[in-house]
Structure formats: structure tokens, C-alpha cells
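>>> Coordinates for the following, if possible.
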Amino acid sequence: MALKLIDRLGRKLNYVRISITDRCNYRCRYCMPEEGVEWIPHDKIMTYEEIRLLIQLLMELGVKKVRLTGGEPFVRKGFAQLLQTLRQSFPALELAVTTNASLLSKYIDEIKDLGIRLNVSLDTLDAEKFRFITRIGNLNEVIEGITLWSCLKLPLKINTVLIKGFNEEEAMSLADFAKKMGATLRFIEFMPLDEGLWSRDSFISASTIENLLFSSGDWKMAEETHSATDGPAKYYVNSKTGQKIGIIAAVTHHFCDSCNRLRITATGEMKNCLFAAGGFDLLSPLRIGDLEEVKRRILTAAWEKPANWKKLVPGDSHMSQIGG
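Numbering: from 1, shown residues only. Have a look, this model is predicted:
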């Protein structure tokens, strides 16, 4: 009988997020410092062939969905070719990418036919605010990428972190933009994973977001139609327009009980929780060809997945290092 990824609580783990690089062309304030970042040496980063082999092993253990993240994945040379290779190697794999979309227009022709699900991080439609939150970003590049992807009628989600005093008044305009783009918008509670920006005063709860957006009678909670690999969002649907908006209450109503995911950093370290202090080294046995040991460590990481994360305090890790 084939081995499957399951933890001691009986949760089936069929979704893995893999960071392919810690580097990014932005310096988003809740993701990484503006300067002084020590980049991981190239020889410590998984090669594309190592990533492909790791995904093969994960699929043998029952993984159905892989999301590639960064940093910003498109800054790594050859990323579009990696996506082509993965689709050719694993036609049944649910393949997704999280990106800031700033480089999307450059590579869209190479990836548009690969059946990729795209998540774009976008927190504001105001050019000055965008420059502030990203420190160096160009909003026009992002809008261009989103628009081109939208014109192809390809699966698209827009993820927005609402921050009090920064962008909460843009909730409706972001919803209108997502509707225009044919995208599913998801508002995410601000998580304490930065160095100074997060505070309880800047935090907006899911219930506040719901009251802000869904007070009219046109919005109804969507029926549960999620697939086994879907994430933790709770969705609302507008009965008049059909628009769908999700809320991810990662802080106030954590989804630990139903968490189905594992994470792998760009250095090949598997984390069984976003807040896990340590991890499981997969790259060392992978590089000496000990695939059975790689599988053993994956199974151990899955089995030891914690029941929940213990505390709500700003942490030491940057999302660019963990894989956002």
C-alpha cells in the first residue's frame, strides 16, 4: 500500500508550498527588511532538477497540489522553463504560483498554456501607497501583468492584506478591480511575521472586514464547494453580480484543525507549520541520492505537524525566507 502524508491528528496533507528563491525585486514592509538582507548562497539553493525530483517524491506520497513561491519566483532565471518542465513531467499536478506580477507580462507567453493557477499579492491601487508598502515597486507593471492574465481568462486570485490606517478604505475599490479582472479577491488578516510594521493597532479582524464589505443583503456566504486541496478562505458571493470574495482569518480564527499543507524553503528545509522554529533538512539526503531518506524525513515532518501555533507575537522569520 502506498504511503500517504498524514499527521498524528489524522489530517491529510496533500498541498505543499515550495519557495524557489529568497530573492525579490520588492522590499515589502511586512515581508523583508529594506536593506541588510543576507541572501542565501546559490549553492545552498535547490536546483530546478532537485525541485522536480522533490515534487516527484511528494506526489508518490499523495501530494496533489504544489504552489511555487519566493521571494518573487519570476526573478530566478529560468523559472518559466521550470514551469514548462513540471507541467510536462506531472500533467495531473495542480500547479500554482504566487507572484507580485511585476514580471508577469515578460513571461506570460511562455506559461499561459500550462494550466497554472495564479495568486497575485496586491495591497493597494494607489501608486504612492504601493511605492510605500513595496519600497521600490511600480504599480503600473503589476496592473499590466494582471490585465494580460485576465484577458486570457486564466484562473486568478488577488490576495490583499488589509492594514488599519493604510488601505482599509480601499476595500471596495479593490473589490471592484477584482471583479473587472474576473479575479477572486481574498482579504487576509495581517499576520505577525515582520519586523515592526505589525501591531495590534494596525490589525483588522476578519469580522471587521466582513462588516465593512458584506453588510448589504446582496452578499451571502458561499456553500462549501471546496476541493480537497483548497485553502482556508471563507467565501461570500454577491447574488446580483456573482462576484466571489474570500476572507482568510489566519489570526482570529486560525485554520489549524483543517490545515492540509507543508512548506519547503528554497534551501530544501521542510516546515510543518508556518510558525515552526525549526525544520527538516531534505536537501542533504537528496544531494547524495538517498531518496528513501528524503521520503522518511517528509513522512516524519508530516507526522509531527503541530496541532496549532501557540502564540501571537511578531516572529523572527521574514516571509521571503519561509516562502510566502
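>>> okay, now A249: neighbour count?
19 (other C-beta atoms under 10 Å). The C-beta positions use only the backbone N, C-alpha and C, and glycine is treated the same way.
>>> That should have said T241, apologies.
Counted with other C-beta under 10 Å, the neighbours of T241 add up to 10.
>>> just P232 next, same as before
21.
>>> ditto for the one 4 residues further on
Taking other C-beta under 10 Å as the criterion, the count of residues near Y236 is 18.
>>> Surely it is in a helix?
No: under the criterion used here (DSSP: H, G, I helix; E, B strand; the rest coil), Y236 is strand, not part of a helix.
>>> Spell out which residues sit in contact with it, please.
Residues near Y236 by C-beta atoms under 8 Å, 6 or more residues apart in numbering: 210, 213-214, 219-222, 244-247.
>>> got the residue ranges for the helices in the stretch 1-150 of the chain?
Under the criterion DSSP state H, counting those that start in this stretch, the stretch 1-150 of the chain carries helices at the ranges 48-60, 79-89, 104-111, 127-134, 139-151.
>>> List the backbone torsions phi and psi for N14.
phi -120, psi 10 (degrees, to the nearest 10).
>>> does it really touch V63, like I thought?
Yes: contact criterion C-beta atoms under 8 Å: N14 and V63 qualify, at 5.5 Å.
>>> Next step: the contacts of Y236 restricted to helices.
If you go by DSSP state H, the contacts of Y236 have 210, 213 in helices.
>>> By neighbours, which of the contacts of Y236 wins?
I245 (27 neighbours).
>>> rewinding a little: now, among the contacts of Y236, which is nearest to K157?
Within these, the smallest distance to K157 is 8.0 Å, found for G246 (C-beta to C-beta).
>>> how near is P91 to D126?
Separation of P91 from D126 (C-beta to C-beta, to the nearest Å): 41 Å.
>>> cool, and F132?
Computed as C-beta to C-beta, the F132 to D126 distance reads 9 Å.
>>> more crowded one of those two?
Higher neighbour count among F132 and D126: D126, with 16 against 13, using other C-beta under 10 Å.
>>> show me what contacts the residue nearest to R131 when sequence neighbours are not counted?
Leaving aside its sequence neighbours, R131 sits nearest to G137 (C-beta to C-beta, 6 or more residues apart in numbering; 6.2 Å). Counting by C-beta under 8 Å, 6+ apart, G137 touches 26, 28, 100, 102, 130-131.
>>> and if you look at T300?
T300 makes contact with F280, according to C-beta under 8 Å, 6+ apart.
>>> Per-residue confidence, it, what does it come out as?
According to the prediction, T300 has pLDDT 97.
>>> Can you classify it by secondary structure?
Quick answer, by three-state DSSP: T300 is helix.
>>> Wait, D218 touches K240, no?
Yes: using C-beta under 8 Å, D218 is in contact with K240, at 5.1 Å.
>>> K220 versus F214, what's the distance?
From F214 to K220 the distance is 9 Å (C-beta to C-beta).
>>> picking up where we left off before, for L282, find the nearest of the helices of the stretch 1-150 of the chain.
Comparing the helices of the stretch 1-150 of the chain by C-beta to C-beta, helix 48-60 comes nearest, at 6.6 Å.
>>> Give me the buried stretch members for the closest one, please.
Neighbour-count burial for helix 48-60, counted by 16 or more other C-beta atoms under 10 Å, picks out 48, 51, 53-55, 57-59.
>>> quick one: average confidence on it?
Averaging pLDDT along helix 48-60 yields 99.
>>> Could you export it as CSV, CA atoms only?
Extracted in CSV, the C-alpha atoms of helix 48-60 (Å, rounded to 0.1, in the frame of the first residue of the first chain):
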residue,chain,number,x,y,z
TYR,A,48,15.4,23.1,-10.6
GLU,A,49,16.1,19.4,-11.1
GLU,A,50,16.2,18.9,-7.3
ILE,A,51,12.8,20.7,-7.1
ARG,A,52,11.4,18.5,-9.8
LEU,A,53,12.7,15.3,-8.1
LEU,A,54,11.3,16.5,-4.8
ILE,A,55,7.9,17.1,-6.3
GLN,A,56,8.0,13.6,-7.8
LEU,A,57,8.6,12.1,-4.3
LEU,A,58,5.9,14.3,-2.8
MET,A,59,3.4,13.1,-5.4
GLU,A,60,4.3,9.5,-4.7
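>>> who's in contact with it?
Residues outside helix 48-60 that contact it (C-beta under 8 Å, 6+ apart): 2-3, 16, 18, 20, 46, 63, 66, 78, 81-82, 85-86, 89-90, 93, 264, 268, 282-283, 286-287, 291, 294-295, 298.
>>> ok, now with 6 Å
Residues from elsewhere that reach helix 48-60 (C-beta atoms under 6 Å, 6 or more residues apart in numbering): 16, 66, 82, 286, 294-295.
>>> now do stretch 94-111
With contact meaning C-beta under 6 Å, 6+ apart, stretch 94-111 is reached by 26, 64-65, 67-69, 72, 74, 80, 83, 116-121, 141-142, 144-146, 148, 229.
>>> Mark which of the residues you listed are buried, thanks.
26, 64-65, 67-69, 72, 74, 80, 83, 116, 118-121, 141-142, 144-146, 148, 229.
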